[in-house]
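> Here is a sequence together with a model predicted from it:
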Amino acid sequence: KQEVTQIPAALSVPEGENLVLNCSFTDSAIYNLQWFRQDPGKGLTSLLLIQSSQREQTSGRLNASLDKSSGRSTLYIAASQPGDSATYLCAVASFYNTDKLIFGTGTRLQVFP
Amino acid sequence: DTAVSQTPKYLVTQMGNDKSIKCEQNLGHDTMYWYKQDSKKFLKIMFSYNNKELIINETVPNRFSPKSPDKAHLNLHINSLELGDSAVYFCASSQDNGGGYNEQFFGPGTRLTVL
């Protein structure tokens, strides 16, 4: 049974810092891994999707890496801004059930000016 | 031009009532989903439909019945509402283009409160 864990649960940093959010999963037979952002009271916004054959994906100041063999993904945020404050969720789709996303518990990020 | 929309945004009702939540996507996707986010903010899949056919049913009580009249719509009907049904319900959609590219897009959520 796939389990997804995110560390840390919460993070507070000053503006301008580069930071790394961690996601680990127990079953390496994945179809893809997706990072989302959730603002309070809002829906989820897809940030990056890494296919199982890929090692990383980049979008603007965000870079996500994937190491299937060790069951890990990291989301790197460069030059953080107060607008980056949100909860970040990683989710894994199984190779055997590609539509089923298993979510981690999230990292709540606060970037202060 | 909202991609995945849900109505209503908020729903407050009494225990024992029956209610429905509607979802529509204009992305042309084949697959739609319902997720539940509980009070601890944990997101869990409930159902998925592909081209109006039920694919995933995650041991959800049969008081919950999804209905897909066409592939752009997936509604969630809940009978005999219980206090524990209070949560935020998210609809999502995706199109599997093969090779691991199956990005899911989420609606804004419906906050259900059962009194």
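The structure has been received and is ready for your questions. Numbers count the residues shown, from 1 in each chain, chains lettered A, B, ... in the order given.

> interface residues of chain B facing chain A?
Within reach of chain A by CB under 8 Å from any CB of the partner chain, chain B has these residues: B:4, B:31, B:33, B:40-45, B:48, B:50, B:55-56, B:90, B:92, B:94, B:96, B:99-109. Where C-beta positions appear, they are placed from N, C-alpha and C, glycine not excepted.

> Mind doing that once more with 6 Å?
Counting by CB under 6 Å from any CB of the partner chain, the residues of chain B close to chain A are B:31, B:43, B:45, B:48, B:56, B:99-103, B:106-109.

> Get me the contact residues on chain A for chain B.
Residues of chain A lying near chain B by CB under 6 Å from any CB: A:31-32, A:43-44, A:46, A:49, A:51-52, A:98-100, A:103.

> So which of those residues are in strands?
When DSSP state E is applied, the residues of chain A next to chain B are split such that A:31-32, A:44, A:46, A:49, A:51, A:103 fall in strands.

> Among the residues you listed, which one sits closest to chain B?
The closest of these to chain B turns out to be A:Gln51 (CB to the nearest CB; 3.2 Å).

> right, and the closest one touches A:Asn32 too?
Yes: counting by CB atoms under 6 Å, A:Gln51 touches A:Asn32, with 5.1 Å between them.

> Count the neighbours of the residue nearest to A:Gln54 when sequence neighbours are not counted for me.
Counting by CB to CB, 6 or more residues apart in numbering or on different chains, A:Gln54 lies nearest to A:Leu66, which is 6.4 Å off, once chain neighbours are set aside. A:Leu66 has 24 neighbouring residues, counting by other CB atoms under 10 Å in any protein chain shown.

> hang on, the earlier thing: which two in the ones in strands among the residues of chain A next to chain B are spaced the farthest apart?
Using CB to CB, the two most remote members of these are A:Leu44 and A:Gln51, lying 19.2 Å apart.

> Which of the two has more residues huddled nearby?
A:Leu44 (25 against 19).

> mind listing what the more buried one touches?
By CB atoms under 6 Å, 6 or more residues apart in numbering or on different chains, the contact set of A:Leu44 is A:36, A:38, B:106.

> which secondary structure element contains residue 36?
Assuming you mean chain A. Per DSSP states H and E, A:Phe36 falls inside strand A:30-38.

> Actually, chain B is the one I wanted.
Using DSSP H and E, the element containing B:Lys36 is strand B:31-37.

> and that strand with strand A:30-38, angle?
With axes from the mean of the first three to the mean of the last three CA atoms, to 10 degrees as the basis, strand B:31-37 and strand A:30-38 are set at 60 degrees to each other.

> what about stretch A:7-18, average pLDDT?
Stretch A:7-18 carries an average pLDDT of 95.

> Okay, buried residues for it please.
Of the residues in stretch A:7-18, A:11, A:13 count as buried by neighbour count, 16 or more other CB atoms under 10 Å in any protein chain shown.

> Quick check: ChimeraX command selecting the buried ones in the residues of chain B next to chain A.
Selecting the buried subset of these in ChimeraX, with 16+ other CB under 10 Å as the burial test, is done by:
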select /B:31,43,45,48,56,100,102,103,106,107,108,109
